[in-house]
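Trainee: What follows is a predicted structure for the sequence shown.
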Amino acid sequence: MKEALWWKKHKGSNVQCFLCPRNCVIEESKIGFCGVRQNQKGKLYSLVYGKATGVQIDPIEKKPLYHFKPGTAAFSIGTVGCNLVCQHCQNWATSQAKPGQWHTYDMTPEEIVEKAKQEHCSTIAYTYNEPTIFFEYVLETAKLAHKKGLKNILVTNGFTGKEALLDIIKYIDGANVDLKAFDNEFYKKYSGAWLEPVLESIKTYKKKKVWLELTNLIIPTLNDDTAKLKEMCAWIKENIGVDVPMHFSAFYPSYKLEDLPPTSAATLMDARKLAMKMGLNYVYIGNVVTTDEDTTFCPKCKEVVIERANFTILQNKLKNGKCKCGEKIPGVW
């Protein structure tokens, strides 16, 4: 347990948390919406600092980050808790758990960094549940990681408070933001949140020069509307540019949406074609087996520059971040 950051005293013994856009006012002994921040005698504490779950080594492509040190390994950690309540959550067993309801490992930031180096990982990934809710843990680990020559990435829903994001972003090298839909009503009904703060976070990552990729999990009948996908792609093009990689991912029946069918490969391929037709240069498909929809092509000469299969790099033809035709391929290489 550690005293939290990004809060202030409210009325009486109440405190107000500013870690995410909810700005929870938390009464004495009560816990915030995310389930992991508690008011104890007028001070706010993180209940998950140093309490890691899902500790494992993943290929960086699994995050997914396709333009960030391809073929390398990421030392991946999460905790329990989340500031969203997505009905389609793929990791609901931990994200919707409270402290004490799931097995955790006691790991200090120093131990995480040392273990990452021992396992020859070049990156630490804060993932599995929403890293915003354990930002104190992220912050201390990320600072140490940079000192030891490691990079840091967030796999995040983007529903983060402005001040907290600006504080943490100084130590973050890459992020994949889960843009769940381009529809505020979807966010309210299926995630218990709202869209605008997510869009602001995405713009902040881009502005602060953090390597950025986006994921959109397409759920049949809920967020697969062509008009909304066009609106999303137009926003991306206008606000963060055509070179930000976009991953369209397949939904599988899970948690509270087990009655819906899985996303077909055809639906994902149609979304990819639409996004590329609208001018996005790097659009990928995930969670299904396809042919070359997870391969990176040069937008100028159309040649393969990175070929992938099942999170594995089959060939990487980039030299100094460039295609053989001389076109610079954006990323962290």
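Mentor: Structure's in. What do you need? Note that the structure is predicted; figures quoted are calculated from it, not measured.
Trainee: Quick check: end-to-end length of stretch 60-69?
Mentor: End-to-end distance for stretch 60-69, by Cα to Cα, to the nearest Å: 7 Å.
Trainee: can you list contacts of it?
Mentor: Contact with stretch 60-69 is made by 70-74, 122-123, 125, 127, 151, 153, 155, 173-174, 176, 211, 213, 215, 245, 247, 249, 282, 284, 286, 294, 296, 306, 308, 311-313, 329-333, as judged by Cβ atoms under 8 Å, 6 or more residues apart in numbering. Glycine gets a C-beta too; all of them are placed from N, C-alpha and C.
Trainee: let's go with 6 Å and repeat that
Mentor: Contacts to stretch 60-69, defined as Cβ atoms under 6 Å, 6 or more residues apart in numbering, come from residues 72, 74, 122, 125, 155, 174, 176, 211, 213, 245, 247, 286, 311, 331-332.
Trainee: cool, stretch 220-227 as well?
Mentor: With Cβ under 6 Å, 6+ apart, stretch 220-227 has contacts from 181, 186, 218, 260-261, 263.
Trainee: do the same with stretch 40-48
Mentor: With Cβ under 6 Å, 6+ apart as the criterion, stretch 40-48 contacts 1-4, 7, 13, 15, 36-38, 79, 99, 134, 136.
Trainee: Which of those residues are buried, as a PyMOL select command?
Mentor: Applying 16 or more other Cβ atoms under 10 Å to the contacts of stretch 40-48, the buried members can be selected in PyMOL as follows:
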select buried, resi 4+7+15+36+37+38+79+99+134+136
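Trainee: Between which two of the contacts of stretch 40-48 is the distance greatest?
Mentor: S13 and T79 (26.1 Å; Cβ to Cβ).
Trainee: returning to that earlier point: among the contacts of stretch 60-69, name the ones in helices.
Mentor: Residues of the contacts of stretch 60-69 located in helices (DSSP state H): none.
Trainee: Nearest to G32 among those residues?
Mentor: After measuring these against G32 - Cβ to Cβ - the closest member comes out as V155, at 21.5 Å.
Trainee: pLDDT wise, what is the closest one at?
Mentor: Reported pLDDT at V155 in the predicted model: 98.
Trainee: tell me, how many neighbours does it end up with?
Mentor: V155 has 26 neighbouring residues, counting by other Cβ atoms under 10 Å.
Trainee: That one reaches N129, doesn't it?
Mentor: No: in this structure, V155 is not within contact of N129 by Cβ atoms under 6 Å, at 9.5 Å.
Trainee: coming back round to it: ranking the contacts of stretch 60-69 by neighbours, who comes first?
Mentor: A74 (30 neighbours).
Trainee: Would you map the helices across the stretch 201-333 of the chain?
Mentor: 226-239, 265-277 (DSSP state H, counting those that start in this stretch).
Trainee: Can you lay out those as TSV showing mean neighbour count, mean pLDDT and distance to F159?
Mentor: Output for the helices of the stretch 201-333 of the chain, formatted as TSV (neighbours: other Cβ atoms under 10 Å; pLDDT from 0 to 100; distance: least, Cβ to Cβ, whole Å):
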stretch	mean neighbour count	mean pLDDT	distance to F159
helix 226-239	15	98	17
helix 265-277	17	97	23
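Trainee: mind checking which of those helices is nearest Y49?
Mentor: Judging the helices of the stretch 201-333 of the chain by Cβ to Cβ, what sits closest to Y49 is helix 226-239, at 33.9 Å.
Trainee: what angle separates that closest one from helix 265-277?
Mentor: 40 degrees (axes from the mean of the first three to the mean of the last three Cα atoms, to 10 degrees).
Trainee: export helix 226-239 as CSV, just CAs?
Mentor: Output of helix 226-239 as CSV, limited to C-alpha atoms (Å, rounded to 0.1, in the frame of the first residue of the first chain):
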residue,chain,number,x,y,z
THR,A,226,-19.6,1.6,-41.5
ALA,A,227,-20.5,5.3,-41.0
LYS,A,228,-19.0,5.3,-37.5
LEU,A,229,-15.8,3.6,-38.8
LYS,A,230,-15.5,6.2,-41.5
GLU,A,231,-16.0,8.9,-38.8
MET,A,232,-13.3,7.3,-36.7
CYS,A,233,-10.8,7.1,-39.6
ALA,A,234,-11.5,10.7,-40.6
TRP,A,235,-10.8,11.9,-37.0
ILE,A,236,-7.6,9.9,-37.0
LYS,A,237,-6.5,11.4,-40.3
GLU,A,238,-7.3,14.9,-39.2
ASN,A,239,-6.0,14.8,-35.6
